[in-house]
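**Q** just the structure for this:
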Amino acid sequence: MKVLVLGASGQLGTDILRFRVECSDSVEVISLSRKELDVSDASAIGAVLSDYPFDVLINCTGYHKVDEAEEHATEAFAINAHAPRHMAAVCRARSATFVHISTDYVFDGRSHKPYLETDAPSPINVYGASKLLGESLILREYAEGSLIARVASLFGIAGSSGKGGNFVETILRLAREKGEVRVVHDIRMSPTSTADAAKALLALIHKRAAPGIYHVVNSGDATWFEFAQEIIQQAGIAAKAVPITSQEFSSPAARPAYSVLDNQKVAKIVGLIPDWREALNRYLAEKGHIRQCASSASKI
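**A** Residues are numbered from 1 along each chain as shown. Next up is the predicted model:
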């Protein structure tokens, strides 16, 4: 099986390349950089992809700058919606599987229980709207051969290529420098390790999961404040997290107050996805911030 990864320099793409062997030694994974394919140029997508043989295309590219998207909607929709439609068309033409990465921000946050794949999306910011349109266009173009994986609040060893670093590293830096971090306590989500997300995605591909939408996140949930507290505690830093409201932390784009995703659909196929606290422990150990706990092995 030949798997082609777009956006391989980002957090998730990097871990897909790292863990490809765990999926199957019969899987060959190759990647394209932005220099080789700029997905903002829709006219280039079909031409470039036609030069590569693949059975599965994984699209980890995206316009991920949530706040900037409010003023750069055209670019966000081009990259998050129209580019994936062209990718889906290429996959349909060669009967390849298309795996597209979406987001928890397709939801409005009014729920009080984890969102299922069947729940109706209703984004409240440009980023979420662009990702939702991407989902819709993909399903219209090639529903019978596409897997849409919604992820959330990612942290991985590569850091975010578009944003620089990730939430975990930001909290560690501020905690060490200032001894105190102010973190939003009224937004609850699914902290997710890109290592675990990558392993789950590769397992879905290897097991030839049915096309459709999947929530690929770690088990459990947290507010950003609770996430920060756990980071500081596990890292053993003499610092404290101070809870603030999302109104106090002003930002151009609105965020859903609750975007926890239910991952049971994926777990029934690939096995239990570890709790985010365990995933955080493995991440901190790999980055050299702590010594890893013996009980923190991945279950995927």
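**Q** the protein: helices as residue ranges?
**A** 11-18, 20-23, 42-49, 66-69, 73-77, 83-94, 126-142, 167-178, 194-206, 224-235, 264-270, 276-286 (DSSP state H).
**Q** for residue 185, which of the ones you listed is the nearest?
**A** Nearest of the helices of the chain to residue 185, taken as C-beta to C-beta: helix 224-235 at 3.7 Å. Using the backbone N, CA and C atoms, a C-beta is placed for each residue, glycine as well.
**Q** so what touches the closest one?
**A** Applying C-beta atoms under 8 Å, 6 or more residues apart in numbering, the contact partners of helix 224-235 are 153, 167-168, 171-172, 175, 181, 183-185, 187, 189, 191, 222, 239-241, 243, 276-277, 280-281, 284, 289-290.
**Q** list the buried residues in it.
**A** 224-232, 234-235 (16 or more other C-beta atoms under 10 Å).
**Q** please tell me how far the closest residue to residue 220 other than its chain neighbours sits from residue 204.
**A** Using C-beta to C-beta, 6 or more residues apart in numbering and skipping residues adjacent in sequence, the residue nearest residue 220 is residue 275, 4.5 Å away. Separation of residue 275 from residue 204 (C-beta to C-beta, to the nearest Å) stands at 20 Å.
**Q** so the two - more neighbours on which side?
**A** The neighbour count for residue 275 versus residue 204, taken as other C-beta atoms under 10 Å, is higher for residue 204 (21 against 17).
**Q** quick one: pLDDT of the more buried one?
**A** pLDDT for residue 204: 96.
**Q** tell me which residues of stretch 30-42 are tucked away?
**A** Within stretch 30-42, the residues that count as buried by 16+ other C-beta under 10 Å are 31-32, 37, 39.
**Q** tell me the two of those that are most distant?
**A** The widest separation within those (C-beta to C-beta) is 13.3 Å, between 31 and 39.
**Q** joint contacts of those two?
**A** Contact criterion C-beta under 8 Å, 6+ apart; residues shared by residue 31 and residue 39: residue 6.
**Q** a markdown table for the buried residues of helix 224-235, including pLDDT and distance to residue 72?
**A** Shown next, in a markdown table, are the buried residues of helix 224-235 (pLDDT from 0 to 100; distance: C-beta to C-beta, whole Å):
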| residue | pLDDT | distance to residue 72 |
| --- | --- | --- |
| 224 | 98 | 24 |
| 225 | 98 | 29 |
| 226 | 98 | 31 |
| 227 | 98 | 27 |
| 228 | 98 | 28 |
| 229 | 98 | 33 |
| 230 | 98 | 33 |
| 231 | 98 | 30 |
| 232 | 97 | 34 |
| 234 | 97 | 36 |
| 235 | 96 | 35 |
